[in-house]
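Trainee: Take this sequence and fold it.
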Amino acid sequence: MKLNLPFMKKPPLVAVVRLTGAIGMPGRGSLSDAALAPVLERAFKKGKPAAVALLVNSPGGSPVQSSLIGARIRRLAEKHEVPVYAFVEDVAASGGYWLAAAADEIWADDSSIVGSIGVISAGFGAHVFLARQGVERRVYTAGRNKSMLDPFSPEKDEDVERLKGLLNDMHVNFITHVKDRRAGKLDVKADLFTGEFWLARKAAALGLIDGIAHLKPKMQEVFGDKTRFKLYGMKKPLLSRIGMQAAEEALGSIEERAAYARFGL
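Mentor: As a prediction, this is how the structure comes out:
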């Protein structure tokens, strides 16, 4: 029989948080600050962990949710004085890399995809289709820019310029986050912020990650062979939702699949 004696020191504990899926999209598996808040709180507090390890597998998504989640990770790490390690699985791109960069160190598999430090906005223009079907679009607004980028009206040059300005400002925020979190590690001669992405070894050479490693052996290397691991993640409902919620989740699943497909996954 094994006795748990209060004076016996337990092996180090590493709390493992799985961050899988697109960020801020509709659907049960989507990552958001609200959904992850209780998960991260438990991971940083329960059992006095020696470290928190993030298992990141995300093609990105909402820049705001990426920023909120990353900021929460940093607040908890500093409050509890717990180091954070990120381990990339298939991909940490765009917002997924934002999350990884919230860690003190980033490690990846040889074939992991890393980077895509940029901002994208995409949509469709349906005004020609409506005109061919004999449908007239009628929009009434109070406020000159209220109908900006209406997909059912012809595109306006001034709307596009305004959108590009917003995207550029978001891009600056992303770049600032990466430079702050990877200070002293980035290849300052390389153009890292074009939206390009790389496999792990190239990403390591550029300073975007710290090297090639997997979670368990790396954490045992740092904290010892007897290191314990506790997995935390978002809970999914047992029953599928119906009606509009089901349609929203289906749409979110398609968008997420398209986001992964950009990286050949």
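
Trainee: what about the strands in the stretch 51-200 of the chain?
Mentor: 51-58, 84-93, 105-108, 113-115, 197-199 (DSSP state E, counting those that start in this stretch).

Trainee: mind listing what residue 82 touches?
Mentor: By C-beta atoms under 8 Å, 6 or more residues apart in numbering, residue 82 lies in contact with 44, 49-52, 76. C-beta: built from backbone N, CA, C; applies to glycine.

Trainee: Need the three-state assignment for residue 231.
Mentor: The three-state label given to residue 231 by DSSP: H, G, I helix; E, B strand; the rest coil is strand.

Trainee: for it, what are its contacts?
Mentor: Residue 231 makes contacts with 16, 18, as judged by C-beta under 8 Å, 6+ apart.

Trainee: What's the per-residue pLDDT of it here?
Mentor: pLDDT, residue 231: 97.

Trainee: and what of residue 6?
Mentor: Residue-level confidence at residue 6 comes out at 58, pLDDT.

Trainee: ok, now the one 5 residues further on?
Mentor: At residue 11 the predicted local confidence, pLDDT, stands at 93.

Trainee: Can you verify it is assigned to a helix?
Mentor: No. Remark: residue 11 does not belong to a helix; assigned using three-state DSSP, it is coil.

Trainee: Residue 163: which of the strands of the stretch 51-200 of the chain is closest?
Mentor: strand 84-93 (21.7 Å; C-beta to C-beta).

Trainee: between the closest one and strand 51-58, what angle do the directions make?
Mentor: Computed by axes from the mean of the first three to the mean of the last three C-alpha atoms, to 10 degrees, the angle separating strand 84-93 from strand 51-58 equals 0 degrees.

Trainee: Restricting to C-alpha, output strand 84-93 in CSV.
Mentor: The C-alpha coordinates for strand 84-93 follow below in CSV (Å, rounded to 0.1, in the frame of the first residue of the first chain):
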residue,chain,number,x,y,z
VAL,A,84,4.8,28.7,-19.4
TYR,A,85,5.9,26.4,-22.2
ALA,A,86,4.1,26.0,-25.5
PHE,A,87,4.3,22.9,-27.6
VAL,A,88,3.1,23.2,-31.2
GLU,A,89,1.3,20.2,-32.8
ASP,A,90,0.2,20.5,-36.4
VAL,A,91,0.1,24.3,-36.6
ALA,A,92,0.5,27.5,-34.6
ALA,A,93,-0.3,30.1,-37.3
